[in-house]
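1. heads up, no residue letters with this:
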DNA sequence: ACCTGAACACCGTTCAAGT
DNA sequence: ACCTGAACACCGTTCAAGT
């Protein structure tokens, strides 16, 4: 075989300005549709972007920093995809909110990994604001919740939801009850999730200052 | 410098039988008192054990398999270190159980990482039995819980506890409420954990078939 | 049977260019 | 200013011995 033509697979050099952080992040999300984030590799990501590995490092100091940016992106997307609140009794409102919370992340392993499972946030003091959460808290105080109880309620339900997602994802239930649940084949289905939510809501009903119940705002 | 003496730092070859899986696991736990499990490295572990790297592979086919064994060990140790149940009302019994659950793992980041945060169990169908959990469930049915409600209760509280541990460990609260909690400086303290537990227990009280309350078995 | 160094393919990151 | 290959230290794992 004569070496006359440069048939070698040397990728042509890209023009300057042909990549930017947004492209890289988008490419990373795309790449992770195939490979779990835990297995994401800088060289492989670069290849899938058709860029030199080192180019990524021009925009992100480290893999860690890229993952932080991806987490940020996942959070924004998650916040935005939360359906708007519907006016109804506070119990149903809470239930709907956290079922949406759960469903959105259960359906998207990547977002779940980034948001729920990944360790070490940014800590840049810049707190994300979650509009939907603010609305929900406002609705709770409207329904008679003292603000601190509303916050605690939100926190408890959020922790539970994240715990459920984690346990589903890790496939381990550090509970291992030997009672055979013959009726339920797979691991905890959404039905079990709903039970916990109902349980917590029932407790909140109990903790609400009496006679404050308001089922509708019509 | 004459090369007369073999002053080189060639570790002498170890006798056969001088290592075994238990030693390796123990060494790994020891090594992880210094380095987070996520950063554990086979060469580094081998060095800390004063063994050739390859020797570890004689007993464990892969790093993954070693981590599985460590998880198994962590679970056993965790189960055994759970204090015995004390006879009291079911509410206090539940509270005490899960506060112990939380405290044990919150105090031991390694166990927490292995048991709560690590992905992918063994799936060898061999379910661990957790004696303490069985006792607790029995106590609940004694107190008037239908068995399925007792299981659900246990599951919900366990999920919540693991979620709390996870959120504490990842340092992210995917809840980001902007209301400044001026009174609480650090991240969610045990006080917040206790609130959620009380919340769930209150809900269970509500769900219990009425008139079944039994505060003591004296 | 059990322990081992050398070697392999690969990773994250840096460096010293190229344009 | 932005893109790049080569190089570095290191990782998980395998191989072909040593004893």
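-> Structure's in. What do you need? What you are looking at is a predicted structure, and each value in this text was computed from that prediction instead of being measured.
2. how about the helices of chain A, start to end?
-> Counting by DSSP state H, chain A has helices at residues A:21-31, A:42-49, A:53-59, A:63-81, A:90-106, A:109-112, A:131-142, A:147-170, A:190-207.
3. Residue B:131: which of these is closest?
-> Proximity to residue B:131 (Cβ to Cβ) singles out helix A:147-170 among those, at 21.1 Å. Yep, even glycine has a C-beta here, placed from its N, CA and C like the rest.
4. So for the closest one, what gets flagged as buried?
-> A:149-170 (16 or more other Cβ atoms under 10 Å in any protein chain shown).
5. what do you get for stretch A:200-210?
-> A:200, A:201, A:202, A:203, A:204, A:207, A:208.
6. cool, and stretch A:29-42?
-> A:29, A:31, A:32, A:37, A:40.
7. overlap between the residues you listed and the residues near chain B?
-> Checked against chain B using Cβ under 8 Å from any Cβ of the partner chain, these yield no neighbours at all.
8. circling back: right, so the helices of chain A: which one is the most enclosed?
-> helix A:147-170 (a mean of 22; mean count of other Cβ atoms under 10 Å in any protein chain shown).
9. okay, the angle between that one and helix B:147-170?
-> 100 degrees (axes from the mean of the first three to the mean of the last three Cα atoms, to 10 degrees).
10. average pLDDT for helix A:147-170?
-> For helix A:147-170, the mean pLDDT works out to 94.
11. Make a markdown table out of the buried residues of stretch A:200-210 and add distance to residue B:191 and pLDDT.
-> Converted to a markdown table, the buried residues of stretch A:200-210 look like this (distance: Cβ to Cβ, whole Å; pLDDT from 0 to 100):
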| residue | distance to residue B:191 | pLDDT |
| --- | --- | --- |
| A:200 | 18 | 98 |
| A:201 | 22 | 98 |
| A:202 | 22 | 97 |
| A:203 | 17 | 98 |
| A:204 | 18 | 97 |
| A:207 | 16 | 92 |
| A:208 | 20 | 89 |
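12. Relative to DNA strand C, how far out is the residue in chain A that chain B sits nearest to?
-> Per Cβ to the nearest Cβ, residue A:163 is where chain A lies closest to chain B, at 2.3 Å. Distance, residue A:163 to DNA strand C, using Cβ to the nearest atom of the strand, to the nearest Å: 28 Å.
13. Would you enumerate the residues in contact with that residue?
-> Applying Cβ atoms under 8 Å, 6 or more residues apart in numbering or on different chains, we find residue A:163 in contact with B:159, B:160, B:161, B:162, B:163, B:164, B:166.
14. For the third one, which residues are in contact?
-> When contacts are counted by Cβ under 8 Å, 6+ apart, residue B:161 touches A:163, B:98, B:101, B:102, B:193, B:197.
15. same thing with the second one?
-> For residue B:160, the set of contacting residues under the criterion of Cβ under 8 Å, 6+ apart consists of A:156, A:159, A:160, A:163, A:196, B:98, B:196, B:197, B:200.
16. count of residues packed around residue A:114?
-> 25 (other Cβ atoms under 10 Å in any protein chain shown).
17. correct me, but it touches residue A:72?
-> No. In this structure residue A:114 lies outside contact range of residue A:72 using Cβ atoms under 8 Å: 9.0 Å.
18. is it true that residue A:25 touches residue A:67?
-> No. Residue A:25 lies out of contact with residue A:67 (Cβ under 8 Å); the separation is 10.2 Å.
19. Spell out which residues of chain A are next to DNA strand D.
-> A:10-11, A:13-19, A:51-55, A:57-59 (Cβ under 7 Å from any atom of the strand).
20. Now narrow those residues to whatever sits close to DNA strand C.
-> Near DNA strand C, by the rule Cβ under 7 Å from any atom of the strand, you find A:13, A:16, A:53, A:54, A:57 out of the residues of chain A next to DNA strand D.
21. okay, the buried residues of stretch A:29-42 in TSV with pLDDT next?
-> Shown next, in TSV, are those (pLDDT from 0 to 100):
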residue	pLDDT
A:29	98
A:31	98
A:32	98
A:37	97
A:40	98
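22. can you redo these as JSON lines with distance to residue A:81?
-> Output for the buried residues of stretch A:29-42, formatted as JSON lines (distance: Cβ to Cβ, whole Å):
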{"residue": "A:29", "distance to residue A:81": "14"}
{"residue": "A:31", "distance to residue A:81": "21"}
{"residue": "A:32", "distance to residue A:81": "17"}
{"residue": "A:37", "distance to residue A:81": "19"}
{"residue": "A:40", "distance to residue A:81": "23"}
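23. Right, I'll call it a day here.
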